[in-house]
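**Q** Could you look at this predicted model? Sequence included:
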There are 2 protein chains.
Amino acid sequence: MQIYNYPLFNTWPKILSRPANNYSSINSTVRMILDNVKKKGDAAVRDYTRRFDGADLEEFRVSKDEMEKAAGLIEPELKEAIQKAAKNILAFHEIQKPPMRMIETAPGVKCWQKSVPIDKVGLYIPGGSAPLFSTVLMLGIPAQIAGCKEIVLCTPPNEKGEIHPAILFAAGLVEVSRIYKIGGVQAIGAMAYGTETVPRVFKIFGPGNSWVTAAKQIVSVNDCAIDMPAGPSELAVMADESADPEFIAADLLSQAEHGPDSQVVLVTTEEPLISKVMQAIDRQLSELPRAAIATKALENSRAILVNDEEQMIELINFYAPEHLIIATRNTTNHADRITNAGSVFLGNFTPESAGDYASGTNHTLPTQGWARSFSGLNLESFCKKITFQEISRDGIQQLGPIIEAMAEGELLYAHKNAATLRINSSES
Amino acid sequence: MQIYNYPLFNTWPKILSRPANNYSSINSTVRMILDNVKKKGDAAVRDYTRRFDGADLEEFRVSKDEMEKAAGLIEPELKEAIQKAAKNILAFHEIQKPPMRMIETAPGVKCWQKSVPIDKVGLYIPGGSAPLFSTVLMLGIPAQIAGCKEIVLCTPPNEKGEIHPAILFAAGLVEVSRIYKIGGVQAIGAMAYGTETVPRVFKIFGPGNSWVTAAKQIVSVNDCAIDMPAGPSELAVMADESADPEFIAADLLSQAEHGPDSQVVLVTTEEPLISKVMQAIDRQLSELPRAAIATKALENSRAILVNDEEQMIELINFYAPEHLIIATRNTTNHADRITNAGSVFLGNFTPESAGDYASGTNHTLPTQGWARSFSGLNLESFCKKITFQEISRDGIQQLGPIIEAMAEGELLYAHKNAATLRINSSES
């Protein structure tokens, strides 16, 4: 971790720059894979699954039998934890149901807005060393509450053509409609275009490596909506003398262990805290299985000493972190002043990993500064809003002339005529 | 307009395909312009404004003096119409303010979600033959209600370096912070990257030609969020024997006059209606100044006769039109069953042009079938949601073990440790 004492405002962009991620070098390969999936469907998917995952699959879809067996293969303690976490996530996303909004904007002119689920959604769960069953909950639960009719899940199989039972258990819990053993770019292509066996979906959700991210960005131009631009994990901690250095070290390490390109930032008004946190990191790091990854991530990371609370908040809003821990005396007031962040954790007993798993908030969040303009996943990510209007015979008498004047001002006479005809007719 | 009688379901994708729009041929030029704006800032913008708009500008920003003069240059009738429309748009977007949502998901675990305005937003208003002041209202009013701190507006100048007074009047009404005489790709670049005079924004809104659309899609990959993928205007009308053929013709023409690549679709259970609408179109078309454009758009357009109400609704949801008029006896019931559409107009006295200008709903809507996954612009398009959580000392005792079990299941031991340390400490 690099330490910066009282850096000037004009140095912030440099100090707080993210590790570079450039997908353009892989774009042409990604495009080729996508094109093949579009043209050849299942055959291409089968071929890539053999090549990239080492699995030779006739049938991609997970069977009922596999689903039933999965539940028996998980430790009861983990099963119970998943169920309890699911309950909290469900509760938090349930309260996000948007009300139907209606108003008479002018006499006889009724307008309303209704939230409607996206019919078909695709969830992507990455493979790799660890089974990301928590992400199944984070994507599947809001999709289920929203009422999406078809929920498709793709995740890469291991070489034996299997999916980790915890993934299947979580998918069963959230009532995913179809699970496919497909990973990588070919999974994104299959869901965006549809194949003989995989239905085309209208929006794809979920994290992934740079290949998956590049594929999502490409299909989003013409074919399928995506949740948000994805990037490496981030955490910022703002702390004063009330913070616990051991806790902060543990939180910084929990994000650092995600990947070598993760970034963690400590911002504090309290000089002695920095060295205490550094020492705690050294101590804790030595006991971590993923110490090598975390060490690499710490190289991209920063500890920043600032003058006062004002600057602490200003710097956080400038950085726009994915996760923010507020470990200060005045957490509520500070939280109120945060305008750019994905998810915020208040106080000494709220570790960031609570939000990764179990508090109820979603862990799919904007990285790379996208928190300036993007929300984390929430119930409405699985819906779209439709507006409605109904004008009465009397209503058009009053509103009509406004439409006529504006349409004429924009030189759109057919627009005007659609109002004129109705005004004339409603008079009779 | 091509007529299809009782087409089979498997022919729908073909019949309802949109006119092709492929931006890939212009992408390299767009990228070059963007790169130049990124590198050279104002100098590049000045150069392109000279080249593309024929205006030689020292100062891009519209002055207070220009703003004040604008109001005097507009017909009082138009001014009043704009003010009344603004009032309705304001009323409808005001009711969209999302509530703060809070819940205790488990004992001692408080979670909440808050909507926060995007700090800096950019509005793009296209140039061309007609001044699109209505779009200024549709973008500016929700930005203003949301509370965006900086609202930047770019629009191309004419050869004399002027902006149409109606644009300036509308921009003044919605309290845009800064207006720049910049158009096209260079405007998108200036707002996405920032220049010496134009501040960088975090999200860009608004329609544009294929160059502007391509530029928005390119900057959205790494630099700046955008509202939605934009495409040519569309209207579908579903009608039964209660519909008025003259009104339908006028509505179809009002979308057809937008551009030669617009598309309008009539779906009906009532065979005689089709020929009556066709005759009315012929009659009305001859009196329109933009008849040539509308005629071209009608070539892409369809009249479809279906068996029954069921199929009418199924076909509309399959097509997912930007605008939908429901001219049937049972409008409310039919409206309830629409799941894919941007904005819906109920009954014989609700022309689509009401939503373009004055009813209060937004006219920036998803085209090209994006209504399956995208909302039209609304208040929340100018906000993002931040989630918060606060766990008490007691709360972590209960939630902690769930976090530990799940983190261990995902092999993320630093995540686990952040919970363990707090559990141990809170016991003492």
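**A** Received it, and whenever you're ready, just let me know what you need.

**Q** just checking, what packs against the helix ranked longest in chain A?
**A** Longest helix in chain A by number of residues, with DSSP state H as the criterion: helix A:76-94. In this structure, helix A:76-94 makes packing contacts with helix A:133-146, helix A:165-173, strand B:101-106, strand B:109-117, helix B:393-409, judged by 3 or more Cβ pairs under 8 Å, 6 or more residues apart in numbering or on different chains; DSSP states H and E. Any C-beta I mention is one placed from the backbone N, CA and C, and that applies to glycine too.

**Q** In it, which residues are buried?
**A** Neighbour-count burial for helix A:76-94 flags A:78-79, A:81-82, A:84-86, A:88-94 (criterion: 16 or more other Cβ atoms under 10 Å in any protein chain shown).

**Q** Just give me the neighbour total for A:K114.
**A** Using other Cβ atoms under 10 Å in any protein chain shown, A:K114 has 20 neighbouring residues.

**Q** Spell out the secondary structure type for A:N317.
**A** For A:N317, the assignment made with DSSP: H, G, I helix; E, B strand; the rest coil gives helix.

**Q** what does A:G376 give?
**A** A:G376 - assigned by three-state DSSP - is coil.

**Q** how many neighbours does it have?
**A** Neighbour tally, A:G376, other Cβ under 10 Å: 26.

**Q** show me where the stretch 251-400 of chain A has helices.
**A** Along the stretch 251-400 of chain A, counting by DSSP state H, counting those that start in this stretch, helices occupy A:271-285, A:291-299, A:309-319, A:331-336, A:352-357, A:393-409.

**Q** tell me which residues of the third one are tucked away?
**A** Of the residues in helix A:309-319, those buried under the neighbour-count criterion (16+ other Cβ under 10 Å) are A:E309, A:Q311, A:M312, A:I313, A:E314, A:L315, A:I316, A:N317, A:Y319.

**Q** go on, the longest one?
**A** Buried residues in helix A:393-409, counting neighbours by 16+ other Cβ under 10 Å, are found at A:395-409.

**Q** Which ones among the residues you listed also lie next to chain B?
**A** By Cβ under 8 Å from any Cβ of the partner chain, the members of these lying near chain B are A:G395, A:I396, A:L399, A:P401, A:I402, A:I403, A:A405, A:M406, A:A407, A:E408, A:G409.

**Q** Which pLDDT value goes with the first one?
**A** Looking at A:G395, its pLDDT reads 97.

**Q** From what I see, it and A:G108 are in contact.
**A** Yes - in this structure A:G395 lies within contact range of A:G108 using Cβ atoms under 8 Å: 2.4 Å.

**Q** So what's the residue count around A:P229?
**A** If we define neighbours as other Cβ under 10 Å, then A:P229 has 18 of them.

**Q** where does the residue nearest to it when sequence neighbours are not counted land on pLDDT?
**A** Once flanking residues are discounted, A:P229 sits nearest to A:W370: 5.7 Å by Cβ to Cβ, 6 or more residues apart in numbering or on different chains. Note on A:W370: pLDDT of 97.

**Q** domains of chain A?
**A** A:27-98+A:116-226, A:231-375, A:392-427 (automatic domain parsing).

**Q** pretty sure A:A236 is in a helix, no?
**A** No - the assignment for A:A236, made by three-state DSSP, is strand rather than a helix.

**Q** In contact with it, which residues?
**A** A:V264, A:V265, A:L266, A:V267, A:I316, A:Y319, A:P321, A:H323, A:L324, A:I325, A:A341 (Cβ atoms under 8 Å, 6 or more residues apart in numbering or on different chains).

**Q** Is it correct that the fourth one is in contact with A:D240?
**A** No - look at A:V267 against A:D240 with Cβ under 8 Å: they stay out of range, at 10.2 Å.

**Q** Turn the buried residues of helix A:309-319 into a markdown table, including distance to chain B.
**A** Below are these laid out as a markdown table (distance: Cβ to the nearest Cβ, whole Å):
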| residue | distance to chain B |
| --- | --- |
| A:E309 | 18 |
| A:Q311 | 17 |
| A:M312 | 17 |
| A:I313 | 13 |
| A:E314 | 12 |
| A:L315 | 15 |
| A:I316 | 12 |
| A:N317 | 8 |
| A:Y319 | 13 |
